[in-house]
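Colleague: Fold the stuff below for me.
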Amino acid sequence: MAVLIEGYRQMTPAQRLRAAVTLTHAVQHLAGIGIALRHPGAEARELKMRLGSLRLERQQMIDAFGWDPAEHGLG
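Modeller: Purely as a prediction, here's the structure:
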């Protein structure tokens, strides 16, 4: 862990931001794979809604997309 922290300290702010964005994309990609494995017959929109429901509150999902995670289930 100390080596990792030291590596981050040596990065420029732009490099740290790029690393954070890359890690965020990787986590989203892995979450999407997990959702697709748990819901093999789901269409693309449903998979996106399930992924979104992991990050947004229920009311936000309803207001923005008309999709209720309580009705359809989370990711």
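
Colleague: Quick one: residues contacting the most centrally placed residue in the chain.
Modeller: Centroid check for the chain by C-alpha atoms, centre = their mean gives residue 28 as the closest residue, at 3.4 Å. Listed by C-beta atoms under 8 Å, 6 or more residues apart in numbering, the contact partners of residue 28 are residue 51. (Each C-beta comes from the backbone N, C-alpha and C, glycine too.)

Colleague: what do you get if the cut-off is 10 Å, keeping everything else the same?
Modeller: Listed by C-beta atoms under 10 Å, 6 or more residues apart in numbering, the contact set of residue 28 reads 51, 54-55.

Colleague: Likewise for residue 67?
Modeller: Residue 67 makes contacts with 45-46, 48-50, 52-53, 56, 58, 61, as judged by C-beta under 10 Å, 6+ apart.

Colleague: Next, the residue nearest to the centre of the chain: phi, psi?
Modeller: With angles defined as degrees, to the nearest 10, residue 28 sits at phi -60, psi -40.

Colleague: Mind pulling up the pLDDT for it?
Modeller: You'll see residue 28 listed with a pLDDT of 96.

Colleague: same question, residue 71
Modeller: Looking at residue 71, its pLDDT stands at 93.

Colleague: what helix or strand is it on?
Modeller: helix 69-72 (DSSP states H and E).

Colleague: With residue 70 as the reference, measure out to the residue nearest to the centre of the chain.
Modeller: As judged by C-beta to C-beta, to the nearest Å, residue 28 and residue 70 stand 22 Å apart.
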